[in-house]
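Colleague: quick check, what structure comes out for this input:
(one chain, ligands or ions: 1)
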Amino acid sequence: MPRLENQVAVITGAASGIGEGTVRAYVAEGAKVVIADIEDVRGSALAEELGPGTTFVHTDVSSEDDVARAVATAVERWGRLDVMFNNAGFGGAGGPIEDLDMAAYDTTMNVLLKGVFMGAKHAARQMKAQGSGVILNTASVAGLQAGFGPLVYSAAKAAVAHFSRCLAVELAPFGVRVNAICPGVIVTNIFTNSLGVPAEMRDALLPKIDTALSNWAPLGRSGFPADIANAALWLASPEASYVTGQAITVDGGLTAGRSMGEFGERIASAFGIDPAVFAAQRAGQ
Ligand code: NAD
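Modeller: Here you go, the predicted model:
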């Protein structure tokens, strides 16, 4: 039996990358999905490709009316809401703190944090009434450690992870589970978008991002949307029925730590020892 048979989901940021990958995974497992995004052309094309089990709703997650409409569409069309995946995002405000443009700060926080709050708010109303549901929020390794994203982005993602823990406790008595997913570095348009690459050129550049990232994580390959979609699938499924209040990292080992080899090389060079000797000693231990 498909793992999400008769389940209804709203996925924000669903027209591209992780969101699109999750739409495809959910539909393949029997779910009905509202594709919620600001990218009308991509979102509509995806809904057309996947058929009547999906529908596109123009949704800017920083607009409460838009978020409410996306949730209402799921309930009006399919009678319930089982999964709310608050996933929309972008790089947002950049630059050093002393130059921070506060309007850009507001825009960034409105999408990355307020958008998640509003998605959860409107989903919770429906899910509490049903007595069941799953809320998933896309955080990031940037919310766990410094160095993986701009300052405002990273702070927002840390807040998303902690919001997910706190909301999980609030909603647990009502049969609603809440978890965050912290992706590592995933090959998507978020990078080309941040660099100002025109929309029509972005997909063609994804292989270059894959090449650039392929040896960065300990597992030795880039992360792909399907890696995160698989986590989102598991968290939505009954197999995760005892999992709530977690920020689950899916990063190929990126945040696990550095390799001992690099450490050893630095220590060896500090004492003028040939790193190869150090490596041979370690290998013999
Ligand atoms: P992506 O650019 O491929 O997809 C992001 C989607 O969000 C796009 O379709 C975009 O149109 C949509 N979006 C942007 N602003 C929106 C708004 N105001 N309202 C509705 N939709 C909006 O990038 P992605 O990597 O798939 O990003 C998905 C999520 O994953 C984001 O929250 C991002 O911060 C997070 N994330 C990505 C990575 C990574 O390495 N790619 C790592 C950690 C976390």
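Colleague: what distance do you get for Thr107 to Lys114?
Modeller: Thr107 sits at a distance of 10 Å from Lys114 (criterion: C-beta to C-beta, to the nearest Å). For every residue, glycine as well, the C-beta is placed using N, CA and C.
Colleague: what parts of the chain come near the ligand?
Modeller: Residues of the chain lying close to the ligand by C-beta under 6 Å from any ligand atom are 12-13, 15-19, 37-39, 59-62, 87-90, 111, 138, 140, 183, 185-186, 188-190, 193.
Colleague: let me know the pLDDT of the residue of the stretch 51-200 of the chain found nearest the ligand.
Modeller: Nearest residue of the stretch 51-200 of the chain to the ligand, counting by C-beta to the nearest ligand atom: Gly89, 2.3 Å away. For Gly89, the pLDDT comes out at 98.
Colleague: the helix or strand Asn179 falls within: what's the following helix or strand?
Modeller: In the assignment (DSSP states H and E), Asn179 maps to strand 176-183. Elements were assigned by DSSP H and E; along the chain past strand 176-183, the next helix or strand is helix 189-194.
Colleague: what's the helix or strand just after that following helix in contact with?
Modeller: Downstream of helix 189-194, the next assigned helix or strand under DSSP H and E is helix 199-213. Contacts with helix 199-213, where a contact means C-beta atoms under 8 Å, 6 or more residues apart in numbering, come from 39, 185, 187-189, 191-193, 197, 222-223.
Colleague: ditto for stretch 92-104
Modeller: 105, 107-108, 111-112, 150-153, 156, 194.
Colleague: can you rerun that using 10 Å?
Modeller: 105-112, 149-154, 156, 194 (C-beta atoms under 10 Å, 6 or more residues apart in numbering).
Colleague: in its sheet, which strands sit next to the strand holding Asn179, and in what direction?
Modeller: strand 133-138 (parallel), strand 247-250 (parallel) (DSSP bridges).
Colleague: mean confidence for the last one?
Modeller: To tie it back to what came earlier, the one meant is strand 247-250. The predicted confidence, averaged over strand 247-250, sits at 98.
Colleague: okay, buried residues for it please.
Modeller: 247-250 (16 or more other C-beta atoms under 10 Å).
Colleague: among those, which two are most distant?
Modeller: Pairwise distances across those peak at 10.7 Å for Ala247 and Val250 (criterion: C-beta to C-beta).
Colleague: which neighbours do these two share?
Modeller: 181-182.
Colleague: quick one, grab the pLDDT at Gln285.
Modeller: 53.
Colleague: oh, I was asking about Arg282
Modeller: 69.
Colleague: and if you look at Glu49?
Modeller: So Glu49 comes in at 98 (pLDDT).
Colleague: using PDB, write out every CA atom in the lowest-mean-pLDDT helix or strand in the chain.
Modeller: The helix or strand of the chain with the poorest confidence is helix 275-284; it has a mean of 73 (mean pLDDT, DSSP states H and E). Extracted as PDB, the C-alpha positions of helix 275-284 are listed here (Å, rounded to 0.1, in the frame of the first residue of the first chain):
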ATOM      1  CA  PRO A 275      52.400  14.000   7.600                       C
ATOM      2  CA  ALA A 276      52.900  10.700   5.800                       C
ATOM      3  CA  VAL A 277      54.700   9.400   8.900                       C
ATOM      4  CA  PHE A 278      51.900  10.600  11.100                       C
ATOM      5  CA  ALA A 279      49.300   8.900   8.800                       C
ATOM      6  CA  ALA A 280      51.300   5.700   8.800                       C
ATOM      7  CA  GLN A 281      51.400   5.600  12.600                       C
ATOM      8  CA  ARG A 282      47.700   6.200  12.800                       C
ATOM      9  CA  ALA A 283      47.000   3.500  10.200                       C
ATOM     10  CA  GLY A 284      49.100   1.100  12.400                       C
END
